[in-house]
Every structure is written in structure tokens, then in C-alpha cells.
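Colleague: Let me see the structure of the following:
(one chain, ligands or ions: 2)
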Amino acid sequence: MNRQEQISQIVVTAQQMRDIEARIFAAGMPVAALMEKVAGLIASRIQTLYLSEDTILGDAEREKFPASPRHRVTASSSFPRLNKIGILVGPGHNGGDALVVARELHFQGLEVCIWCPFSKLKELTSQHLQYAQSLGIPCYQSIEDLPDCDLLVDGLFGFGLERELKDSVASAINHLNDKSVPIISIDVPSGLHTDTGEVLGTAIRASYTFCLGLWKLGLLQDQALEYVGKAELIDFDIPWADVEAVLGNPQVKRIIRATALSTLPLPRPPVTHKYKEGHLLLICGSRRYSGGAILTGLGARASGVGMLSIAVPESIKSIMVSHLPEALIVGCPETKTGAIAQLQLPENTDLSSFSAIACGPGLTKDAVPIVQQVLESANPLVLDADGLNILAEMGTSQTLQKRNALTVLTPHTGEFKRLFPELPDAKQDRIKAVRAAAKESGAVVLLKGARTAIADPQGSIWINPESTPALARGGSGDVLTGLMSGLIAQAVTRQLPIEKMVATAAWWHAQAGILAAQERTELGVDAFTLTEYLIRVISTTLEISDRC
Ligand SMILES: NC(=O)C1=CN([C@@H]2O[C@H](COP(=O)(O)OP(=O)(O)OC[C@H]3O[C@@H](n4cnc5c(N)ncnc54)[C@H](O)[C@@H]3O)[C@@H](O)[C@H]2O)[C@@H](O)CC1
Ligand SMILES: [K+]
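Modeller: Ligands and ions are numbered 1, 2, ... in the order given. Next up, the predicted model:
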């Protein structure tokens, strides 16, 4: 993994960023020089995004900037002409960054104006403001005086925001949000808590967030996403040794393409056989919910697992065979309601014959004895859907503590609450919640959401940074369970880390959704279609990686 990939995996809290920054300054980097470097990168990113070389300048501008190509600025095709850029300046170094950006854009020939409602500024910020004003850049204290702008750069607060925004600053932010002008937030949208993503009073609704140096945790929390817009990392060459020294282990990481691809069981060894590539047992479905079983099976198919057995109630066996001819469909005796009553595995087979088991999709809550039986097994076990509901009724942590094999739980927020009623609400700080759940239960917990988060009992966290709302659809979770458990079965036979496979599955599933949504719109990604994109997205991604 190269440096860029390593850096883009890392996620930090405000305190960790402060500690890293302190090490850099203690080593001799001047604060002002770092600000200059960072803000220079932001200014040039703004130019790349919004301005292009082939400007058609108005007459007045042509006179003002006659020859230099540096001054040939215009709107790129993605953005209407930029007449005026408003720079929102706060009291700290986030405001200092914004002022350096203001100065650079001014020197590029753009019309820039500043809004700074604070009278007390940090020293460096104050110096930059003074210099910007000496260049003739107008600065307004009252939001009513700020002229209409085509683009706003938000440097009000970064990771130093400590308390709720109130009064005139809060109402100014609301006023700016209402204008529907694109806003670029520096580091974090002002008003968001850097760690939890919580809105502190009110917050800037950014079109883009340029996160500085390392990804801030708050930007990966579901509750922040409405405010973050498109998020990009501005890498300013933080020494890796400082990152390692501050973060230690366990860490919070983003799942990126390189991480996911490196864990896939590819390529296969030239000499192998089906059982060496993992034997997965899926236990799913009921007379009422046969679709969930089919989707789980199709998800598992895409994982490439060597051997797939699926235990279902006898009455849905034939439909399963028609959808998954390669799988061994095990028809089981069923309850009056059509749930599996008893696992009836083929002769000479018991649960220990399988590399991994997944249990839950479409099962109904009538299959309690089945869930009890798999919990007693010594196999790595994925529990989902009704498997989770049954576990919750048994008492999650007491039950799981008796297991001596790995368990993976895949709840959405509602299931999470049922499984861990004592823990903090997963809607507030999802990362804190999922970490506590994994620690308490000893399971790997995958908390589904726009930014799915995975925690292991040792405290490591993986967050899936890209997804699509197209996946908010019935059956999509069944596909994930199948895919993930198929990967886990292969990880077991190859002795690869199972926790990483859970993260890889979340990434793969989301990428398939993204590709499907690109080609078919967000409305066109039903769960069955999603299964058809699983292999497509991997082969496309591998092709791209080969070319890179
Ligand atoms: N960490 C790094 O390595 C770098 C950080 N830089 C910038 O520095 C920023 C952090 O700077 P600071 O620590 O100065 O923090 P901020 O710029 O986020 O703001 C802190 C200031 O805001 C005040 N404040 C906090 N909450 C307030 C509230 N609710 N209402 C009114 N005032 C409030 C504080 O008293 C303090 O003066 C980063 O976000 C980034 O933009 C860059 O300049 C250079 C590199
Ligand atoms: K900001």
C-alpha cells in the first residue's frame, strides 16, 4: 500500500489531530508555514474544481489582467461564471486558512470578499486579515453587508469548535444555507462536532468538504452526511511516524479499494478443490419469506465460495434449486407456520463439517431452536435479521460469551437497539455505540447505515466511506449476509483475518450498489439486480487497478 492509500485509510478525532499537529510543530515546522502550505493546496483545488484555463474574460477583466495565463480564469463547465467569492472567517486557524485562500484567489484575479463577525482573532488569523484588507479585499462584519456571491468558502470553525453556535453566528449560517450558493467547507462544515458529526446548534451545509491532512471521524458519521456534501482529503504530507506515534492501536480506518482488494481470495491457488475454497452453510428462509433465502444464496454465490449448502424448510426446496442449481439445498422439516423446525443435514454431515455458518434471513421468529443450535456450534457464525431478533430475546452478551468461535452480528439501527438496549443510542454516535457493542458481546458487529461501521472486540473499527441510498431497499441486507459469509468461509480455510473480510464485504456490497445506481439510477437497484452487479463491480475494479 502506498503512502497516499495509507493516509486515506486513517481516521482521527479532534484530540488525535491536535496531538499530531503538536508533534509536527515541536519538530520545528512553523505554524504559519503549515497554514500557508495547507491553504495553498485548498486554493489550487478550488481552482481545479471551479475554474478553468480557457476563460472568456469580460472586457473589464481583460483590461485588468491582460496577458498572464495565470489570470485567465473562468467558470468550468460544471459551474456558472464565478463573479464573486465570499470567504467566511472564524476566530481560529480555520479562519486563518480561509484568509490565505482569500489572498491566493485574489491574486488569481478573482473578486473576493470576506465576512468575519468576530472581533477577537488568534494572532496568525488576525495578521492574515490585516494583510488581506491591505490588498483591498473588502471585509464585512455584518452578514447583511456581505454581497451576493457565487461561491462561499467556509473557514468559520474547524476542529476547534467547542460549544454550540448561537445568536448572530447561528442565524448567519442559517441565512447562508438558505441562499443555495455552493459552499466549500475547510476541514469540517462549521457547526459539526469533529468526532460525532453532531450539529452543534446549526451547521453549514457544504457542497464540498476539504478535510485537512487526515479524515476526521465526524465526517464519517451518518448524522453529518447531510452537511458534508462531497468529501475530499487534502493531503499535506503529515509524517507517517507522527500518525503512528499518536494513534497506536487499535485504530479507526476507512475501507478503501486497496484494503478490500488485498483481502479477496484472489487469485486462487492453481491446485485446489471445492472444500479448500470454503464450505458455507446458510440457514435461512421460511414458507413466508423464500425470497430472503434466494437473495442470501445469490450473495454467497458471488463470493466465490467453494461449496454452498443451504438449509431451508422442505416446502421451498424446489424454488431454491431452480435459482441456485450449484448449491446443495437441504430441505428441513418445518413448523406449522413454515419455519425450519429442525436442521436435517445430509448423512455424515454435522455443523463441524462447515467452514462457516450464516443464519437468519427470512427465518421468522419461530426458528428459535435452530438459532440456539448454531450458537452452540464451534463454527464462525454470521447472524442476521431474525437470527438477531432471536438472539436479542435470548440476551445478547450472556449468550455470546458462551461461544468459543467468532460471531458476526449485522444489525441495522433498530436491531442494534434490540440487541444492546443498555448501550448509547446508535443514532447519536454510531462509532462509540458499535465499539461498545463489540467489546461487550465479544462479537464482530457490523452496524448498517449510510456509513456502515464494523467493530471487533479489541476496539478496531472499519468504516465504509462510500455508499448509495439505492441500497436502502428490502433484500439488500440478505445479499450482504450471503456475500460476507461466503468470504468468511474462504477466509477460514485460508486462515485470513475474518474481521477484515467483514469490512471487505461491506465495501464490495456498497460498490456494487454504486455501480448499479450509476447505470440504472437509484431506483433501479432492487436486491436481485444488486446480486448481478457483485461480480461485475469486482472485475471492473480489478481492471482499473491493473491499469493504475
Ligand atoms: N491540524 C493541523 O495540522 C492544521 C490545522 N489547520 C487549521 O486549524 C484548524 C483548527 O484551528 P483552531 O484550533 O484554531 O480551531 P478553530 O479554527 O476550529 O476555532 C477555534 C476558535 O473558535 C472559538 N470557538 C470555539 N467554539 C466556538 C463557538 N461555539 N462560538 C464562538 N467561538 C468559538 C475558540 O475559542 C477558538 O478561538 C483546523 O480545523 C484547520 O482548519 C491548518 O491551518 C494547518 C494544519
Ligand atoms: K469550516
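Colleague: where in the protein is pLDDT low?
Modeller: Scanning the chain for pLDDT under 70 picks out 52-81, 546-548.
Colleague: most centrally placed residue in it?
Modeller: Centroid-nearest residue in the chain, with C-alpha atoms, centre = their mean: residue 465, separated by 2.1 Å.
Colleague: Find the nearest non-adjacent residue to it, please.
Modeller: Nearest residue to residue 465, sequence neighbours excluded (C-beta to C-beta, 6 or more residues apart in numbering): residue 254, at 4.5 Å. For glycine as for every other residue, the C-beta is placed from the backbone atoms N, C-alpha and C.
Colleague: Ok, residue 293 next?
Modeller: Among residues not flanking residue 293 along the chain, residue 285 sits closest, at 2.8 Å (C-beta to C-beta, 6+ apart).
Colleague: Quick check: phi and psi on the one you found?
Modeller: The phi/psi pair for residue 285 (degrees, to the nearest 10) reads phi 90, psi 160.
Colleague: who's in contact with it?
Modeller: Counting by C-beta atoms under 8 Å, 6 or more residues apart in numbering, residue 285 makes contact with 292-294, 296, 310, 312-313, 316, 320, 340, 361-363.
Colleague: Relative to residue 410, how far out is it?
Modeller: Remark: distance between residue 285 and residue 410 (C-beta to C-beta, to the nearest Å) = 17 Å.
Colleague: related to what we said a few turns ago, can you tell me which two in the contacts of residue 285 are farthest apart?
Modeller: The span of the contacts of residue 285, defined through C-beta to C-beta, is set by 294 and 340 at 15.4 Å.
Colleague: Pull out the buried positions in stretch 303-322.
Modeller: 303-314, 316-317, 319-320 (16 or more other C-beta atoms under 10 Å).
Colleague: Which one of the residues you listed is nearest to ligand 1?
Modeller: Taking C-beta to the nearest ligand atom as the measure, ligand 1 lies nearest residue 303 of these, at 40.7 Å.
Colleague: where does the chain come near ligand 2, residue by residue?
Modeller: Contact residues (C-beta under 5 Å from the ion) of the chain with ligand 2: 94, 154, 185, 186, 190.
Colleague: Among the residues you listed, name the buried ones.
Modeller: By 16+ other C-beta under 10 Å, the residues of the chain next to ligand 2 give 94, 154, 185, 186, 190 as buried.
Colleague: now the residues you listed as a markdown table including distance to ligand 1?
Modeller: Conversion of those to a markdown table gives the following (distance: C-beta to the nearest ligand atom, whole Å):
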| residue | distance to ligand 1 |
| --- | --- |
| 94 | 3 |
| 154 | 10 |
| 185 | 10 |
| 186 | 5 |
| 190 | 8 |
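Colleague: Tell me which of those residues fall in helices.
Modeller: Those of those mapping onto helices are residue 94, per DSSP state H.
Colleague: Mind checking which of the buried ones among the residues of the chain next to ligand 2 land in strands?
Modeller: 154, 185, 186 (DSSP state E).
Colleague: The first one and residue 207 touch, don't they?
Modeller: No. No contact is recorded between residue 154 and residue 207 when judged using C-beta atoms under 8 Å, the distance being 10.1 Å.
Colleague: Quickly list what's touching both of these two.
Modeller: With C-beta under 8 Å, 6+ apart as the test, residue 154 and residue 207 both reach 183, 184.
Colleague: Tell me how many other residues surround the closest residue to residue 3 other than its chain neighbours.
Modeller: Spatial nearest neighbour of residue 3, chain neighbours left out: residue 240 (6.8 Å); criterion: C-beta to C-beta, 6+ apart. By other C-beta atoms under 10 Å, the residues close to residue 240 number 12.
Colleague: Just list the residues touching residue 240, thanks.
Modeller: 3, 6, 7 are the contacts of residue 240 under C-beta under 8 Å, 6+ apart.
Colleague: Give the buried subset of these as a ChimeraX selection command.
Modeller: Per 16+ other C-beta under 10 Å, the buried members of the contacts of residue 240 correspond to this ChimeraX selection:
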select :7
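Colleague: Out of the contacts of residue 240, which is nearest to ligand 2?
Modeller: Ligand 2 has its nearest neighbour among the contacts of residue 240 in residue 7, at 20.5 Å by C-beta to the ion.
Colleague: Now do the end-to-end distance for stretch 221-233.
Modeller: Stretch 221-233 stretches 16 Å from its first residue to its last (C-alpha to C-alpha, to the nearest Å).
Colleague: How far does it sit from its chain's centre?
Modeller: How far stretch 221-233 lies from its chain's middle: 9 Å, per C-alpha atoms, centre = their mean, to the nearest Å.
Colleague: What of stretch 128-136?
Modeller: Distance, stretch centre to chain centre, for stretch 128-136: 39 Å (C-alpha atoms, centre = their mean).
Colleague: got it, and stretch 197-206?
Modeller: Counting by C-alpha atoms, centre = their mean, stretch 197-206 is centred 19 Å from the centre of its parent chain.
Colleague: How about stretch 488-505?
Modeller: Chain-centre distance of stretch 488-505: 20 Å, with C-alpha atoms, centre = their mean.
Colleague: longest helix of this structure?
Modeller: In the chain, assigned by DSSP H, the helix with the most residues is helix 498-520.
Colleague: name the helices or strands packed onto it?
Modeller: Applying 3 or more C-beta pairs under 8 Å, 6 or more residues apart in numbering; DSSP states H and E, one finds that helix 498-520 contacts helix 257-263, strand 444-447, strand 453-455, strand 461-463, helix 476-494, helix 527-547.
Colleague: switch to 7 Å and redo it
Modeller: Other elements packing on helix 498-520 under the criterion 3 or more C-beta pairs under 7 Å, 6 or more residues apart in numbering; DSSP states H and E are helix 257-263, strand 444-447, strand 453-455, helix 476-494, helix 527-547.
Colleague: Of all the ones you listed, which one is nearest residue 400?
Modeller: That would be, of these and by C-beta to C-beta, strand 444-447, which comes in at 10.3 Å.
Colleague: for that closest one, packing partners?
Modeller: Contact here means 3+ C-beta pairs under 7 Å, 6+ apart; on that basis strand 444-447 packs against strand 407-409, helix 430-441, strand 453-455, helix 498-520.
Colleague: quick one, which of those is nearest to ligand 1?
Modeller: Between ligand 1 and those, the tightest spacing by C-beta to the nearest ligand atom is seen for helix 430-441, at 19.6 Å.
Colleague: could you check the angle helix 498-520 makes with the closest one?
Modeller: 140 degrees (axes from the mean of the first three to the mean of the last three C-alpha atoms, to 10 degrees).
Colleague: what comes up buried for helix 430-441?
Modeller: Buried residues in helix 430-441 (16+ other C-beta under 10 Å): 430, 431, 432, 433, 434, 435, 436, 437, 438, 439, 440, 441.
Colleague: As JSON lines, the contacts of residue 240 with distance to ligand 1 and secondary structure would be great.
Modeller: Output for the contacts of residue 240, formatted as JSON lines (distance: C-beta to the nearest ligand atom, whole Å; DSSP: H, G, I helix; E, B strand; the rest coil):
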{"residue": "3", "distance to ligand 1": "17", "secondary structure": "helix"}
{"residue": "6", "distance to ligand 1": "17", "secondary structure": "helix"}
{"residue": "7", "distance to ligand 1": "13", "secondary structure": "helix"}
